[in-house]
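Chemist: predicted model, plus sequence, below.
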Amino acid sequence: MMKKFLTFLAAACCVMAMSATDYTSHIKVTINGEATEQDDVPVVITQTDGAYNLSLNNFVLWMGNMPMPVGNIAVSNVQGTDAHGFTTIKFNDKINITEGTDTQYDMWAGPLLGEVPINLTARFTDTALSATIDIDMMSMMGQVISVELFGVAPATAGLEGDVNHDSEVNLADVNAVIGIILDK
């Protein structure tokens, strides 16, 4: 009996430890009232031990036809609240924007800025995402940058730990893992 309980506990910990969802987002960037839009921008949300990380990687501002590579905007260890079928995370603090990895750009502006104040609110499910990121650069550059994201997860994307592929990480996945371990 104790062996089965420990097996169940170990399986539950493995399944619930981490999940990740990649979203392909449409973004609208508004700088001091002037807006530009982009499609197919990747956003990744991971969950580890109940806290969430959101990454908008290789973020590029477009000024007409001219790209301004910014870099990776990422927030970590943000607590989420679940209500009405979606999870909400809120972050209001300073971060360092890191260098992007897209090799078509030689230089990224974000790392040169130092700590940047970010106000982020994201709501998401396993299949959809909406988020706003406000970057208050008034004191440094006389600009407020507002980024709105609307994303969907590809149909092939799955949650880590979603063993039975029902788009949820839940007790059914734990039971499936136990069945695998016990060879049932």
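Modeler: Received, thanks.
Chemist: what's stretch 70-82 in contact with?
Modeler: Judged by Cβ atoms under 8 Å, 6 or more residues apart in numbering, the contacts made with stretch 70-82 from elsewhere in the structure are 47, 50-61, 87-91, 93, 95, 97-101, 108-111, 118, 120, 133. Just so you know, the C-beta spots here come from the backbone N, C-alpha and C atoms, and that holds for glycine as well.
Chemist: which among those residues count as buried?
Modeler: Among these, those scoring as buried are 47, 52-61, 87-89, 91, 95, 97, 99-100, 108-110, 118, 120, 133 (criterion: 16 or more other Cβ atoms under 10 Å).
Chemist: now, the residues you listed that are in strands?
Modeler: Members of those lying in strands (criterion: DSSP state E): 47, 52-61, 87-89, 91, 95, 118, 120, 133.
Chemist: the biggest strand by length in the chain - what's its average pLDDT?
Modeler: Ranked by residue count and defined by DSSP E, the top strand of the chain is strand 66-83. The average pLDDT for strand 66-83 rounds to 92.
Chemist: do stretch 117-134 as well
Modeler: Confidence for stretch 117-134, expressed as mean pLDDT, is 92.
Chemist: for stretch 23-34, same thing?
Modeler: Rounded to a whole number, the mean pLDDT of stretch 23-34 is 88.
Chemist: and Ile45, helix, strand or coil?
Modeler: Under DSSP: H, G, I helix; E, B strand; the rest coil, Ile45 falls in the strand class.
Chemist: is it in contact with Tyr52, as I believe?
Modeler: Yes. Under the criterion of Cβ atoms under 8 Å, Ile45 is in contact with Tyr52, at a separation of 6.0 Å.
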